[in-house]
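Undergrad: Need the 3D shape of this:
(chains A and B)
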2 protein chains.
Amino acid sequence: MMDRNIYLSNTDLEEAVGIYLEKMARSSPDIGVEEIDTCDAAGRVTARPIFASISSPNHNAAAMDGIMVISAATYMATEAAPVILRKGTDFAYINTGHMILEPYDAVIMIEDIVDLPDGSVRIQAPASPWQHIRPIGEDIIAGEMILPENHLVRPMDIGAVLSGGRPKIHVYEKIRVGIIPTGNEITDHYGSLDKGKIFDTNSWTFKAIVEQMGGMAVRTSPVPDDHGMLKTAILDMVRDCHVVVINAGSSAGSKDYTAGLIRDLGELVLHGVAIKPGKPTVLGFIAGKPVVGVPGYPGSAYLVFEEIVGPVIRQLQHIKAEKAPMAEAVVSRRIVSSLKYREYVRVTLGRVDGKLIATPLARGAGITMSLVRADGLIVIPMNSEGFEAGGIVPVELETDIETIDNTLVSIGSHDIIMDVLANLMAKNAGAAIGRPMRLSSAHVGSMGGIMALKRGEAHIAPIHLLDEETGEYNESYVKKYLGDDFTLIKGVRREQGIMTLKGNPKGIHSVADFVRSDVIFVNRQKGSGTRILTDHLLRMEGIENNGIKGYDREMTTHMAVAAAVESGTADAGVGVYSAAAAMDLDFISIGFEAYDFAVAKKNLGTGLLNSFLEALHSPEFRIALDDLGGYGVQDSN
Amino acid sequence: MMDRNIYLSNTDLEEAVGIYLEKMARSSPDIGVEEIDTCDAAGRVTARPIFASISSPNHNAAAMDGIMVISAATYMATEAAPVILRKGTDFAYINTGHMILEPYDAVIMIEDIVDLPDGSVRIQAPASPWQHIRPIGEDIIAGEMILPENHLVRPMDIGAVLSGGRPKIHVYEKIRVGIIPTGNEITDHYGSLDKGKIFDTNSWTFKAIVEQMGGMAVRTSPVPDDHGMLKTAILDMVRDCHVVVINAGSSAGSKDYTAGLIRDLGELVLHGVAIKPGKPTVLGFIAGKPVVGVPGYPGSAYLVFEEIVGPVIRQLQHIKAEKAPMAEAVVSRRIVSSLKYREYVRVTLGRVDGKLIATPLARGAGITMSLVRADGLIVIPMNSEGFEAGGIVPVELETDIETIDNTLVSIGSHDIIMDVLANLMAKNAGAAIGRPMRLSSAHVGSMGGIMALKRGEAHIAPIHLLDEETGEYNESYVKKYLGDDFTLIKGVRREQGIMTLKGNPKGIHSVADFVRSDVIFVNRQKGSGTRILTDHLLRMEGIENNGIKGYDREMTTHMAVAAAVESGTADAGVGVYSAAAAMDLDFISIGFEAYDFAVAKKNLGTGLLNSFLEALHSPEFRIALDDLGGYGVQDSN
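TA: Numbers count the residues shown, from 1 in each chain, chains lettered A, B, ... in the order given. Take a look at the predicted model:
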């Protein structure tokens, strides 16, 4: 039996952060103060109040282009009896900002004077004393406080501080955050990846977050799962940094040294926070400095960094959190949550038929792409079982609402061409003015797409559904499931086939081979067009599903099937040519099918649909299809 | 007569920006593409779509800490009939993320096994094939698009791109923005300021904005008002940069060369935009590159940079504007606007009695401090006359609403100690956890403060109002104007007196001297406590106001009076000792007065008031009073 401690506490997040920050405030960490050029101070925090040392303006200055005059010499001027002023004695020209000279005490605007041939001017109204003159100190008076301390310096502050005669100011030093990736399987040699290794990616994400907060990240290369080496790395970082983050090793596995090391070297405050993902988090202090053990999965790591390390850095850096804007959205699927945790669910968002629709992304803590694809975050409180489909829930927005409103929501069958179309829409958005369009794509299979379209959760549903009676694709399904308010946009013809390892070592030639005892199959999920096609072909051959090994192992994309075959966990699967080509697999063609887009008729002609059609019918798209292989163009409608 | 062109166009802002950006899109400026380390890509914009080159995970990996097993060997296990697995043959230990080895095809969680003394384990339930295993490509499949092009890279994107095996990516080069400050009176020697000179401050504010947008600023030292030198500077910048900004010289004065130079060297698109501040703006192209003439006043410069140069940079940089959050606020004063312009009015904001109150800041285009102090921006459309006091208007928030809700709004008499108290509150806010408090201070004189308090626009009103009948301060005013629902917080005693130039060259000894023919006076505004004191003293001496030169020249703060005396535009004024000391003036004492804070009784005990009282009664505040001089402490209540 190995040395494992599987018991973690389940402390509420607010309580954990509260306890930790309060302890940190009491240990009063030593944040240095440095004097820097005001010019370079944007994003820094003032460590002292900044008082003006000179006034601005520092002279009585013309507020307008015009002439300076002696007001007493103008008070008789009227339209009926204009006054003539002689240049050099009665007036002098002056431009905005320039200094008023003795004995002048007023400015008349250039628009209000009439030039005379001899250089003198005529005025038709008197000038009151000090008119159109900015007095000394109108903006800033010497001795006035320009900025208080603990103030995050913004661009306009720089101008004001310089105006007040303060070319250097005192700011807090940047908080240094030490980041230690750990794990024998972790590598930062990004050129290639040996089997069994995992790239260190979290530390770079952390570094970017720290820098966005105005701090400095100090990162080491990954430290192996070795108690002594990790101890040395931690002590080095604690010496040089204000905060130390240890990534992975924070759980209770046999190689999870973080909690024990913090306990040995300093104070372990708590181990285990009631959030999902992110539970196995370690909070402690070494030499009075906060040391946080962050779990390894990217989803957990990101959340714990944002929710726990973020407040630590902000408190040391004297800055506040910016609250994300909130919106109310309809959840398109049921979201189930445990009563034991506060759970964070990332969602994509789109505006369909006027409603903001939130579609949950894959919740696995290992799914980096859920972070990338998310438009928003739903927080399910502890003691809540989650939300029912169709419920209205508050969502923290991670994408601005204008972009969300300009997102074409596609739910349905998966194909690589959806990536190509998404990129073409993003590219066109960049080129055109004021018309940013985005394509958000969820893969739930063709039938799932039809149902989402029917429920008003998507603008388009990519489908490839074979009507076994007629041998035709898609039309009859739209008619049967969606009715007359919907229609089809013709998409592409694509080649389906059987994927096997390069060289086809098991000699597979048709679906009839799937039932062989030496063949392991990998399937697609129910409701996907490819599953319907597969079942149709098996039925034609008279093959029973339950005789096929792996028939119950379901993947949700062509690429996932290809990856299963490529990795050797399956010998055969059904999918499109482009997926087989991408994974360098052999491909036994079954034939071409129609991959089209179901759409509500009322949405035809909208900017979003037009932008999609523009990409679909563009020459760049044709070129991309040729490059992928296995595609043909259909007649467009 | 000098060469001036006083006619500018009055083009609507949207139209101007629309025309300009469209022309820019057609001239397709040459933005380079560079390959950079993914690690350093935060804030950059992808120039090509990024496809994964390897899958993540790249091996079938344990999703849990536990043991790997052969699923077929476990299917008999039940609670009643557990199965014993031998280490090395039937199972092997594995940690999360590590590679599943042949012949194992499932993982059982560490929590679900019972360790036996001989190293074998007991299980009480079967493992289904592939359970607790993350298949190859679960997160990212080789060939999948991770990011489209034109995507602003965020921290989580960096992790995903590295996971997909892409250590380098192609991004657009940073947009280089050339910044040319101009003007004979402009200097960037910030050590000291000669009379008649003005610091170049806008260029540094611009630089900080450009960098916040992800661009690079290339700045020159100020160029004199010399046609040839300016031409050379512009051509140099056009050669090296994507965008050039010329600051000041954009109007129609005799030294305003910008419009003419752009016309001569390239294409002048338009001169004059219908916004206030900011009208004299020049838009053009030289060598196909956008060149913008931005007006010189900081208020105009900032607005034009944000509203016109910002969209230019963002379009070239392929990023979008972030929309400021909006709120509805009650305007505390009438805001009058011309029908001819879209006008921008900056406001402070505070929550008083549940209402969000917007108080307009000084609108002069030269007032940098209005930019610094602003919590929000009110945009008055062209063809609108503005807003009535008490009206509800939309405000663009520049300060987050949480900070606004934690702002103590003070309206009333001015004193330097309000700066000290504001800083102490900001400082305490930084030290304490979750209790950010802020003091916002508007100076409208004591009576103005009482009226603002009565209208529910302020939390406190600093006042120093002499009751001429009793000789007492403040109490009777609160009773008379505010009634029983209000009370006084005792503040400080402060010394009032007559300020004169150092050495008192005019030999002024009492207010009786103000009426002398060789003395010029400078006054405070009606309703200020100091004005009431001055008028009282003059009445006591039997002096007529209209015999005093400068009696009608009104300043709104003690410091402004001191500055007028210091600059020689007045010989005497009445104000507090600290202002005289700050400007190194002579001070003839009149006596001590009470500077207190009127407050609604219902607000006593709130967190905001407590935070204020904490600062007011702190030892740091006593020390600051001693340093300033001329203050005494009152009995606190």
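
Undergrad: shaky segments in the stretch 151-300 of chain A?
TA: A:252-254 (pLDDT under 70).

Undergrad: The stretch 351-500 of chain A too?
TA: A:429-436.

Undergrad: now the strands for it?
TA: With DSSP state E, counting those that start in this stretch, the ranges of strands along the stretch 351-500 of chain A come out as A:355-360, A:376-380, A:386-387, A:392-397, A:407-412, A:438-443, A:460-463, A:486-500.

Undergrad: could those strands go into CSV alongside mean neighbour count?
TA: (C-beta placed from N, C-alpha, C; glycine too.) Shown next, in CSV, are those (neighbours: other CB atoms under 10 Å in any protein chain shown):
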stretch, mean neighbour count
strand A:355-360, 22
strand A:376-380, 21
strand A:386-387, 20
strand A:392-397, 17
strand A:407-412, 27
strand A:438-443, 22
strand A:460-463, 28
strand A:486-500, 21
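
Undergrad: Save these as CSV, and put in distance to chain B too.
TA: Below are the strands of the stretch 351-500 of chain A laid out as CSV (distance: least, CB to the nearest CB, whole Å):
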stretch, distance to chain B
strand A:355-360, 16
strand A:376-380, 12
strand A:386-387, 22
strand A:392-397, 11
strand A:407-412, 13
strand A:438-443, 8
strand A:460-463, 16
strand A:486-500, 13
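
Undergrad: Put together JSON lines for those strands, with distance to A:Val633 on each row.
TA: As requested, the strands of the stretch 351-500 of chain A are arranged in JSON lines below (distance: least, CB to CB, whole Å):
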{"stretch": "strand A:355-360", "distance to A:Val633": "30"}
{"stretch": "strand A:376-380", "distance to A:Val633": "36"}
{"stretch": "strand A:386-387", "distance to A:Val633": "42"}
{"stretch": "strand A:392-397", "distance to A:Val633": "38"}
{"stretch": "strand A:407-412", "distance to A:Val633": "19"}
{"stretch": "strand A:438-443", "distance to A:Val633": "19"}
{"stretch": "strand A:460-463", "distance to A:Val633": "16"}
{"stretch": "strand A:486-500", "distance to A:Val633": "6"}
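
Undergrad: ok, and for stretch A:264-271, which residues are buried?
TA: Along stretch A:264-271, these residues count as buried under the neighbour rule (16 or more other CB atoms under 10 Å in any protein chain shown): A:Leu265, A:Gly266, A:Leu268, A:Val269, A:Leu270, A:His271.

Undergrad: Tell me which stretches of the stretch 451-600 of chain A form helices.
TA: A:475-477, A:529-541, A:558-566, A:577-582 (DSSP state H, counting those that start in this stretch).

Undergrad: B:Gly547 is nearest to which of the ones you listed?
TA: helix A:558-566 (93.0 Å; CB to CB).

Undergrad: by how many degrees do that closest one and strand A:486-500 diverge?
TA: 10 degrees (axes from the mean of the first three to the mean of the last three CA atoms, to 10 degrees).

Undergrad: CA-only coordinates of helix A:558-566 in CSV, if you can.
TA: Output for helix A:558-566, consisting of C-alpha atoms alone and laid out as CSV, is shown next (Å, rounded to 0.1, in the frame of the first residue of the first chain):
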residue,chain,number,x,y,z
HIS,A,558,-15.3,12.0,-37.1
MET,A,559,-11.9,13.1,-35.7
ALA,A,560,-12.5,11.2,-32.4
VAL,A,561,-13.2,8.0,-34.3
ALA,A,562,-10.1,8.6,-36.5
ALA,A,563,-8.0,9.2,-33.3
ALA,A,564,-9.3,5.9,-31.7
VAL,A,565,-8.3,4.0,-34.8
GLU,A,566,-4.9,5.8,-35.1
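
Undergrad: From the rest of the structure, what touches that helix?
TA: Applying CB atoms under 8 Å, 6 or more residues apart in numbering or on different chains, the external contacts of helix A:558-566 come out as A:414-416, A:499-501, A:522, A:524, A:530, A:553, A:555, A:570-576, A:578-580, A:582-585, B:55, B:135-137, B:141-144.

Undergrad: just the helices in the stretch 101-250 of chain A please.
TA: Under DSSP H, counting those that start in this stretch, the stretch 101-250 of chain A gives helices at A:155-163, A:202-212, A:227-240.

Undergrad: thinking again about what came up before, which of the helices of the stretch 451-600 of chain A has the highest mean neighbour count?
TA: helix A:558-566 (a mean of 28; mean count of other CB atoms under 10 Å in any protein chain shown).

Undergrad: pLDDT averaged over it, what's the number?
TA: For helix A:558-566, mean pLDDT is 90.

Undergrad: how much distance is there from it to the middle of the chain?
TA: Averaging C-alpha positions (CA atoms, centre = their mean, to the nearest Å) puts helix A:558-566 28 Å from its chain's average.

Undergrad: Tabulate the helices of the stretch 451-600 of chain A (CSV), appending distance to A:Gly483.
TA: Output for the helices of the stretch 451-600 of chain A, formatted as CSV (distance: least, CB to CB, whole Å):
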stretch, distance to A:Gly483
helix A:475-477, 11
helix A:529-541, 20
helix A:558-566, 30
helix A:577-582, 32
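
Undergrad: so which of the ones you listed gets nearest B:Val83?
TA: Of the helices of the stretch 451-600 of chain A, the one closest to B:Val83 (CB to CB) turns out to be helix A:558-566, at 27.7 Å.

Undergrad: Distance check, A:Ile158 against chain B.
TA: Using CB to the nearest CB, to the nearest Å, A:Ile158 is found at 5 Å from chain B.

Undergrad: how does chain A divide into domains?
TA: A:13-29+A:175-317, A:33-56+A:139-172, A:61-134, A:326-404, A:464-637 (automatic domain parsing).

Undergrad: now the ones you listed as JSON lines including distance to A:Val444?
TA: Putting the domains of chain A into JSON lines (distance: least, CB to CB, whole Å) gives the following:
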{"stretch": "domain A:13-29+A:175-317", "distance to A:Val444": "21"}
{"stretch": "domain A:33-56+A:139-172", "distance to A:Val444": "43"}
{"stretch": "domain A:61-134", "distance to A:Val444": "64"}
{"stretch": "domain A:326-404", "distance to A:Val444": "9"}
{"stretch": "domain A:464-637", "distance to A:Val444": "7"}
